[in-house]
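Student: build me a model from this:
(one chain, ligands or ions: 3)
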Amino acid sequence: MELQELIEQFAVEGKVLKVGEYGNGHINRTYLAELEENGKTVKYIFQQINTDIFKNVDQLMENITGVTTYLREKILKRGGDPDREALKVIPTREGASYLREREGCYRMFRFITDAVSLEAVERPEDFYESAVAFGNFQSLLADYPAKNLHETIPDFHNTPKRFEAFEQAVREDICGRASFAQPEIAFLMERREEMAALTGRLLRGELPLRVTHNDTKLNNIMMDTKTKKGICIIDLDTVMPGLSLYDFGDAIRFGANTAAEDETDLTKVSLDLGLYERYVKGYLEGCQGSLTPLELSLLPMGAKMMTLECGMRFLTDYLVGDTYFRIHREHHNLDRCRTQLALVADMERKWDQMEAVIRG
Ligand code: ADP
Ligand code: GN1
Ligand code: MG
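Tutor: Ligands and ions are numbered 1, 2, ... in the order given. This is a model prediction of the structure:
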């Protein structure tokens, strides 16, 4: 079925004017759809859900409708504008939250207008504002009934499990690529003992399980073009019970790196301590004092673990033949892995300074 026909299955009025691929997500296939409604052009985000990754789309969409409905009510109560500050799922004409066709599963969201998602920090203030917004998102969901959430990707940030999958990929080496990644494999093996730094503490009951976003990349937040504030958190596929350290850490991994996630010139990769400090400040503000002393002291470890884990996931995907993350060139996942590991190495060099920022 043509994209236009698929879009017409949703509860929208008007004629489809234009549809084109959109954004830089690694997982779903995202399109911007422009429709003519009552003489006006109205935009929507139309997505093909990655069903290789999200096996149970009913559960995935139940999470998203549950969380967005809850957020809308909370935003309304505090005098905000739910249409701009929360994602809105557009149902199908039959009233379902997504469309299942032979070719795949599709969903539609209202487009957040007058806002941008950034691929890199342009002004340090933007990074601070994104931290306030992600912290705030966590605060808004603090009382969300976690039992209503399905685990859309089991063991998503279970770093020791990710390590097992990585070891298996090295052992099997089905694409014959391990020889291209010997230094990276060794780097990860040397850190084997550290892989349980967060999950071990969770298992021992030392860290609280919260409702977290789990994918806090800078391009998963819409920044208001006028006020420059983080207006709406998007990409809610992985909202699940998790650790605050996952959300803090993944944001640092992506946003406080002086280079792009797939930079091939590793001399450009480093942790920007100034940006890290601003993110800490914004995140603590957004979390409104809810973090425990142990969570606070582990923020640097959150940043390191999420970077290490992501590097390991990119490498695992490279070894098994690029089946998970969308790639745009040969060895793309190996390049992404190298950037992450270079960033981990820089964090290790700057460890005392990272901890000093937290002590204030
Ligand atoms: P993926 O899971 O593949 O990362 P996302 O849901 O993050 O997909 O969408 C990819 C990109 O599309 C985002 O980074 C953002 O630029 C844009 N986008 C997604 N949803 C919206 C929305 N409701 N309004 C405006 N832009 C959006
Ligand atoms: C993916 O969906 P996207 O592009 O925002 C991935 C994250 C990784 C990230 C690395 C569901 O995020 O876990 O950290 O790529 N999302 C999923 O860029 O696996
Ligand atoms: Mg995304």
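Student: just so I have it, where are all the helices in the chain?
Tutor: 3-7, 57-77, 82-85, 124-140, 159-172, 182-190, 199-203, 244-255, 273-287, 293-297, 299-320, 332-349, 351-359 (DSSP state H).
Student: from what I can see Asp322 touches Asn333, true?
Tutor: Yes: using Cβ atoms under 8 Å, Asp322 is in contact with Asn333, at 5.7 Å. (C-beta placed from N, C-alpha, C; glycine too.)
Student: what parts of the stretch 151-300 of the chain come near ligand 2?
Tutor: Residues of the stretch 151-300 of the chain lying close to ligand 2 (Cβ under 6 Å from any ligand atom) are Asp215, Lys217, Asn220, Asp235, Asp237, Thr238, Asp250, Glu261.
Student: and which of the residues you listed is nearest ligand 1?
Tutor: Asp235 (3.4 Å; Cβ to the nearest ligand atom).
Student: before we move on, back to that, now, the most widely separated pair of the residues of the stretch 151-300 of the chain next to ligand 2?
Tutor: Greatest spatial distance among these (Cβ to Cβ): Asp237 and Glu261, at 18.4 Å.
Student: neighbour count winner among these two?
Tutor: Counted by other Cβ atoms under 10 Å, Asp237 and Glu261 do not tie: Asp237 has more neighbours, with 24 against 20.
Student: measure the more buried one to Glu263 for me?
Tutor: 26 Å (Cβ to Cβ, to the nearest Å).
Student: quick one, grab the pLDDT at the most centrally placed residue in the chain.
Tutor: Taking Cα atoms, centre = their mean, the centroid of the chain lies closest to Asp215, which sits 2.0 Å from it. Asp215 is assigned 98 on the pLDDT scale.
Student: can you check Met1 too?
Tutor: Per the predicted model, pLDDT is 74 at Met1.
Student: that one is in contact with Gly104, isn't it?
Tutor: No: using Cβ under 8 Å, Met1 is not in contact with Gly104; the gap is 9.9 Å.
Student: what about the nearest residue to Lys268 once chain neighbours are set aside, how many neighbours?
Tutor: Closest residue to Lys268 apart from its sequence neighbours, by Cβ to Cβ, 6 or more residues apart in numbering: Ala259 at 4.0 Å. Ala259: 18 surrounding residues under other Cβ under 10 Å.
Student: can you check Gln353 too?
Tutor: 14.
Student: can you check Lys77 too?
Tutor: Neighbour number of Lys77 under other Cβ under 10 Å is 9.
Student: distance check, it against ligand 3.
Tutor: Separation of Lys77 from ligand 3 (Cβ to the ion, to the nearest Å): 28 Å.
Student: so what's that residue up against?
Tutor: The contact partners of Lys77, by Cβ atoms under 8 Å, 6 or more residues apart in numbering, come to none.
Student: wait, doesn't Gly321 sit right on Ile174?
Tutor: Yes: contact between Gly321 and Ile174 holds when scored by Cβ under 8 Å: they sit 6.7 Å apart.
Student: need the contact list for the residue nearest to the centre of the chain.
Tutor: Asp215 neighbours (Cβ under 8 Å, 6+ apart): Asp235, Asp237, Thr238, Asp250.
Student: and what of Ala131?
Tutor: Ala251, Arg278, Tyr279, Val280, Lys281, Gly282, Tyr283, Glu285, Gly286.
Student: how close does the fourth one get to ligand 3?
Tutor: Meaning Val280. 23 Å.
Student: and for that residue, nearest residue in space, chain neighbours not counted?
Tutor: Val357 (5.8 Å).
Student: near that neighbour, how many other residues are there?
Tutor: Val357 has 18 neighbours, counted by other Cβ under 10 Å.
Student: for it, what are its contacts?
Tutor: With Cβ under 8 Å, 6+ apart, Val357 has these contacts: Leu273, Tyr276, Glu277, Val280.
Student: which of the contacts of Ala131 sits closest to Phe163?
Tutor: Closest to Phe163, out of all of those and judged by Cβ to Cβ, is Ala251, at 22.3 Å.
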